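Engineer: sequence below, structure please.
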Amino acid sequence: MFLHIPQSELAAQNALWTAKEIEQQPATWLKTQALVASSQIQAFLQPLLKRAQAGSLRIIFTGAGTSAFIGGVVAPILSQQLGFVVEAIASTDLVSNPTQHFFKDKPTLLVSFARSGNSPESVGAVQLADELVDEIYHLAITNNQNGALSVKCHDNPTAFALNLPDETCDKGFAMTSSASNMMLAALLSFVPNRYDLAWLQAVCERTEHCLKEEAPAVRELAKLPVERVVYLGSGHFAPLAQEAALKILELTAGQRLAVYDSPMGFRHGPKSLVQGETLILVMTSQNAYTSRYEDDLYQELVRDQKAKKVVAIGASTSGAIPADFCKNHLDDAGRIFLYLTLAQCYAFYSSFELGYTTDNPCPTGEVNRVVQGVTLYPFSNNND
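Structural biologist: Predicted coordinates:
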């Protein structure tokens, strides 16, 4: 049984892998922690971090789709912890507009996130970085040791491949274990003293409780007849909300329209989409200052009485927002794993209840597990 559904039922609806890969995450996080701790990543990273601290090296996190959102989530956390700006730029942007992001005389560490390591944009971004930046370093954080990104790091003193446990390379369509483990690997690699084993064990314990005790209620929420789903999150929770929304779009093949925003940004137009068939989920922050803005928007949405339901993921620091799900005392970095797992469960149950083959919700091939249909064109500065 996975996610409280018998394996026979999951297999019958082609949903077994996705359910398994969501539920296994706390166990895989501990494996990733052990792998990172025993790797040579610190020997590679520490000299580069010292240069970044001195302002003589850029650090860019990149990836496509979910892999881009991973960078969006962890970059602001690491910027705060490290004391310098860590950038997050999607590989789709690096490939389509390279001269807006790569600079010849700016030494750069490009950190590439990828499940397979074979998507055209991931490979293309690395190639363009090599071509356009005089002093370039690469860190590939990937779930596939045989992928092109990982292989490219072999026998290259300016590159390092951090290949995560094999079971994190999801067999299901949606990125679940792969995404959370790449996020974790980045935090553990860049700030190992801050995010230690005790911190991770607390995250795992709270997430396991969510999977065991709260998942049935999430399934009931997924049965609610809604056409639109909105995820709201502040700071690094905004790209996490983007990932949560993408999971719904992917696993319901677009049947449930899902969008994301920040609580403050939502008032500036996007709030217009709220009507009777809208579910709104607010990701709460542990930061007392930030949570005041979340409190205001949450209470406003409840007063409006326009949405079918407004749900709080976690409780606000002030207590003004009671937790519907994921009540916790984790820091904001720990909360990303708890909230992401909850969002994955909601997307999974939405797909399952709507009758989709969750492991492959688009069997006709318009959307694929590894993106297809991308042509990489030769780049020349004369193209400007």
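
Engineer: so who does D304 touch?
Structural biologist: V274 (C-beta atoms under 8 Å, 6 or more residues apart in numbering). All C-beta spots, glycine's among them, are computed from the backbone N, C-alpha and C.

Engineer: can you give me the neighbour number for the closest residue to Q53 other than its chain neighbours?
Structural biologist: Distances taken as C-beta to C-beta, 6 or more residues apart in numbering place F84 nearest to Q53, at 5.8 Å, with adjacent residues excluded. When neighbours are counted by other C-beta atoms under 10 Å, F84 registers 14.

Engineer: next: the one 5 residues further on.
Structural biologist: Taking other C-beta under 10 Å as the criterion, the count of residues near I89 is 21.

Engineer: do V282 as well
Structural biologist: Neighbours of V282 (other C-beta under 10 Å): 27.

Engineer: is it true that it touches A320?
Structural biologist: No: V282 is beyond contact range of A320, at 11.5 Å (criterion: C-beta atoms under 8 Å).

Engineer: shared neighbours, those two?
Structural biologist: Y298.

Engineer: so where do the strands sit in this structure?
Structural biologist: Assigned by DSSP state E, the chain shows strands spanning 58-62, 87-88, 108-114, 136-142, 159-163, 228-232, 257-261, 278-283, 309-313.

Engineer: out of those strands, deepest packed?
Structural biologist: Mean neighbour count (mean count of other C-beta atoms under 10 Å) peaks for strand 108-114 among these, with a mean of 28.

Engineer: sketch out the low-pLDDT regions of this protein for me.
Structural biologist: Applying pLDDT under 70 to the chain flags residues 363-373, 382-384.

Engineer: which residue ranges make up each domain of it?
Structural biologist: 39-195, 198-353 (automatic domain parsing).

Engineer: which of these sits closest to L3?
Structural biologist: Proximity to L3 (C-beta to C-beta) singles out domain 198-353 among the domains of the chain, at 5.7 Å.

Engineer: what does stretch 71-89 rub up against?
Structural biologist: 49, 52-53, 55, 58-63, 68, 90, 101, 111, 113, 183, 186-187, 190-191, 194, 235-240, 242-243, 332-333, 336.

Engineer: for A185, see how far away the nearest residue to S112 once chain neighbours are set aside is.
Structural biologist: Spatially, and ignoring its direct neighbours in sequence, S112 is nearest to A140 (5.0 Å; C-beta to C-beta, 6+ apart). According to C-beta to C-beta, to the nearest Å, A140 stands 11 Å off from A185.

Engineer: coming back round to it: using a markdown table, lay out the strands of the chain together with distance to E294.
Structural biologist: Formatted as a markdown table, these follow (distance: least, C-beta to C-beta, whole Å):
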| stretch | distance to E294 |
| --- | --- |
| strand 58-62 | 25 |
| strand 87-88 | 22 |
| strand 108-114 | 27 |
| strand 136-142 | 30 |
| strand 159-163 | 34 |
| strand 228-232 | 8 |
| strand 257-261 | 12 |
| strand 278-283 | 6 |
| strand 309-313 | 9 |
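
Engineer: L35 is nearest to which of these?
Structural biologist: Among the strands of the chain, strand 159-163 sits nearest to L35 (C-beta to C-beta), with 8.0 Å.

Engineer: could you report the distance from the closest residue to D332 other than its chain neighbours to Y339?
Structural biologist: Nearest residue to D332, sequence neighbours excluded (C-beta to C-beta, 6+ apart): Q286, at 4.9 Å. Q286 sits at a distance of 11 Å from Y339 (criterion: C-beta to C-beta).

Engineer: residue nearest the centroid of this structure?
Structural biologist: Geometric centre of the chain, nearest residue: I70, 3.9 Å, by C-alpha atoms, centre = their mean.

Engineer: surely that residue meets M183?
Structural biologist: Yes: using C-beta under 8 Å, I70 is in contact with M183, at 5.2 Å.
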